[in-house]
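**Q** sequence and predicted structure are below.
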Amino acid sequence: MKIRIHNNLILISAIVFLFLNTIENIIHFSIGRNIDAKNTANIKIEIPEIYDIIKIIFIMCVFSILQALFTYYGLKYL
């Protein structure tokens, strides 16, 4: 059975990945920044500096493109 692939699958997949992982990465960044307070149950969520946000988004873009391409070609050749 051939799976019909939506024309915008790569774009949709990349946008969803970027949105969800931005939230996750900000949480991970905040946990890493507050590692000294690891014995407390509270996590203080902080928005990173603009330079850190740019680095995070750049890395996420690279991986979102890779994820979208693997999804596209995986579905295309299954």
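**A** Perfect, thanks for sending it. Every value quoted in this text rests on a predicted model; they were computed, and no experiment measured them.

**Q** can you get me a residue count around residue 64?
**A** 20 (other CB atoms under 10 Å). (Glycine included, C-beta is placed from N, CA and C.)

**Q** surely it is in contact with residue 20?
**A** No - under the criterion of CB atoms under 8 Å, residue 64 makes no contact with residue 20, lying 10.1 Å away.

**Q** point to the residue nearest the middle of the chain.
**A** By CA atoms, centre = their mean, the chain has its centre lying nearest to residue 21, at 2.8 Å.

**Q** ok, now which ones touch that one?
**A** By CB atoms under 8 Å, 6 or more residues apart in numbering, the residues touching residue 21 are 60, 63-64.

**Q** again with residue 74
**A** Counting by CB under 8 Å, 6+ apart, there are no residues that residue 74 touches.

**Q** what's the helix or strand for it?
**A** helix 50-76 (DSSP states H and E).

**Q** same check on residue 29?
**A** In the assignment (DSSP H and E), residue 29 maps to helix 9-33.

**Q** now do the buried residues in that helix.
**A** By 16 or more other CB atoms under 10 Å, the buried positions in helix 9-33 come out as 10, 13-14, 17, 21, 25-26, 29.

**Q** mind putting the residues you listed into CSV with distance to residue 35 and pLDDT?
**A** Supplementary listing: the buried residues of helix 9-33 in CSV, determined by distance: CB to CB, whole Å; pLDDT from 0 to 100:
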residue, distance to residue 35, pLDDT
10, 36, 70
13, 32, 75
14, 31, 72
17, 26, 76
21, 21, 84
25, 16, 86
26, 15, 85
29, 11, 84
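
**Q** spit out the contact partners of the residue lying closest to residue 71 once chain neighbours are set aside.
**A** Take residue 71 and drop its neighbours on the chain: the residue closest to it by CB to CB, 6 or more residues apart in numbering is residue 13, 5.3 Å away. Contacts for residue 13 (CB under 8 Å, 6+ apart) come out as 64, 67-68, 71-72.
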